[in-house]
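[1] dropping a prediction and its sequence here:
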Amino acid sequence: MYHLFIDTCVWIDLAVTQDSLIPKLLRLIESGKVKIVVPELVKREWDRNLGKIISQITKKVVDLRRSSITYLSFIEKSEHEDFRAYLTSVNPQIMGKNLAENRIQKIESILDSESSLRIPTSTLSKDIAVDYALQKKAPFHMRNSMADALIFFTVVEWVNNNNPDKSIFVTHNTKDFSDERDSPSDDSFLERLAPDLQQHVNENKFKFASIFAKVINEIEQSLVTDEELRISESVVKRIREQDDYLQLLISTDGIRDILKQQESIKELMSSSGMEKYLKQQDEMKELMSSILMTKMH
């Protein structure tokens, strides 16, 4: 049996972007192949983000309806009467809210299930997390990651104490935890932990992954479709790109670029800068007028 520890960010993305994987996870749970272990902090973060989840799903429905209406302008009117009538009869806000609540209910049926294990945050986990924060060790390289650290060390402590046959910690916050692979062609479902964190785990008992569709396929082959795998990979890729940008911003060069842009804007908004800009505009107008007059004659 696999024991899965699913980070809050993964549950949120399952609700918003990868909802087709929820019934497949339920199938693995009901077949006895998977047991979900829920750190109490994950459930607390999930509850705190319910409003955000509803807003994101509702926005997706509203945007999709808007796109559908735009699409209608490219086809014959006789062919879209019924579709247009349906679109105008639907309130996308209500539809989005209902859809979000349905997905939330499915996930909470897993989080709150009697078959799932709920584990508290121990004093030991808190002490290690605080120590790592003070030493700026992973996962504290880019931001205040106390919640991430508490979840990770809670999971590791449980695994070390209970020795499950197979355990996988799944998170999309790869920059916080990962010692990224050198080869982007590596198709393994696993990531490498940062050295600061690796010393706490037994590699034979504890695995670390980011692409949830690959985790499901590891447990039961061919359970997810190619499209579901593509979406799962794109979610992680998007988050990594956002983290790369954040890392650039907090680097010396990134800060220098931002300050340079601010100086350029400040110069433009100054009297001399604005005068220079307006003078360039006048010169351009004169040049265009001259060209136009030449062509007319």
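    Received, thanks. Keep in mind that this is a model prediction, so the values were computed, not measured.

[2] show me the shaky parts of the protein.
    Scanning the chain for pLDDT under 70 picks out 71-84, 86-87, 141-144, 179-188, 203-204, 246-297.

[3] domain parsing for it?
    According to automatic domain parsing, the chain comprises the domains 2-227, 252-296.

[4] just say which of those domains is most tucked in.
    domain 2-227 (a mean of 16; mean count of other CB atoms under 10 Å). Heads up, the C-betas are built off the backbone N, CA and C, glycines and all.

[5] quick one: that domain to chain centroid distance?
    8 Å (CA atoms, centre = their mean, to the nearest Å).

[6] any idea which residue is closest to the centre of this structure?
    Ile239 (5.0 Å; CA atoms, centre = their mean).

[7] OK, contacts around that residue?
    Residues in contact with Ile239 (CB atoms under 8 Å, 6 or more residues apart in numbering) are 9, 172-174.

[8] same check, this time on Thr154
    39, 41, 119-122, 125.

[9] confirm that it sits in a helix.
    Yes. Applying DSSP: H, G, I helix; E, B strand; the rest coil, one finds Thr154 inside a helix.

[10] Arg240 - how many residues pack around it?
    17 (other CB atoms under 10 Å).

[11] and it, how far is that from Ser178?
    Going from Arg240 to Ser178 by CB to CB, to the nearest Å gives 9 Å.

[12] same thing with Ile22?
    25 Å.

[13] same thing with Asp63?
    Distance from Asp63 to Ser178, by CB to CB: 32 Å.

[14] could you do Asn163 as well?
    Where Ser178 is concerned, Asn163 sits at a distance of 24 Å (CB to CB).

[15] in TSV: the domains of the chain, plus distance to Tyr245.
    Formatted as TSV, the domains of the chain follow (distance: least, CB to CB, whole Å):
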stretch	distance to Tyr245
domain 2-227	11
domain 252-296	9
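
[16] out of those, nearest to Glu233?
    Across these, Glu233 has its closest neighbour in domain 2-227 (5.6 Å, CB to CB).

[17] start to end distance for the closest one?
    End-to-end distance of domain 2-227 (CA to CA, to the nearest Å): 24 Å.

[18] just stretch 158-173 next, same as before
    Termini of stretch 158-173 sit 21 Å apart (CA to CA).

[19] same deal with stretch 210-227?
    End-to-end for stretch 210-227, by CA to CA: 17 Å.

[20] coming back round to it: tabulate the contacts of Thr154 (TSV), appending secondary structure.
    Output for the contacts of Thr154, formatted as TSV (three-state DSSP):
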residue	secondary structure
Pro39	strand
Leu41	helix
Ile119	strand
Pro120	coil
Thr121	coil
Ser122	coil
Ser125	helix
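
[21] widest-spaced pair of those?
    Leu41 and Ser122 (11.4 Å).

[22] ok, the contacts of Ile239 vs Ala100, which is closest?
    Scanning these for proximity to Ala100, where the rule is CB to CB, the winner is Cys9, at 16.9 Å.

[23] what separation is there between the closest residue in space to Phe177 that isn't next to it in sequence and Ile54?
    Nearest residue to Phe177, sequence neighbours excluded (CB to CB, 6 or more residues apart in numbering): Pro139, at 5.5 Å. Distance, Pro139 to Ile54, by CB to CB: 28 Å.

[24] same question, His3
    His3 is 30 Å from Ile54, by CB to CB.

[25] give me the distance from stretch 227-240 to the chain's centre.
    9 Å.

[26] just the buried residues of it, please?
    228-229, 231-232, 235-236, 239-240 (16 or more other CB atoms under 10 Å).

[27] pick the one among those closest to Phe153.
    Closest to Phe153, out of all of the buried residues of stretch 227-240 and judged by CB to CB, is Ile239, at 21.7 Å.
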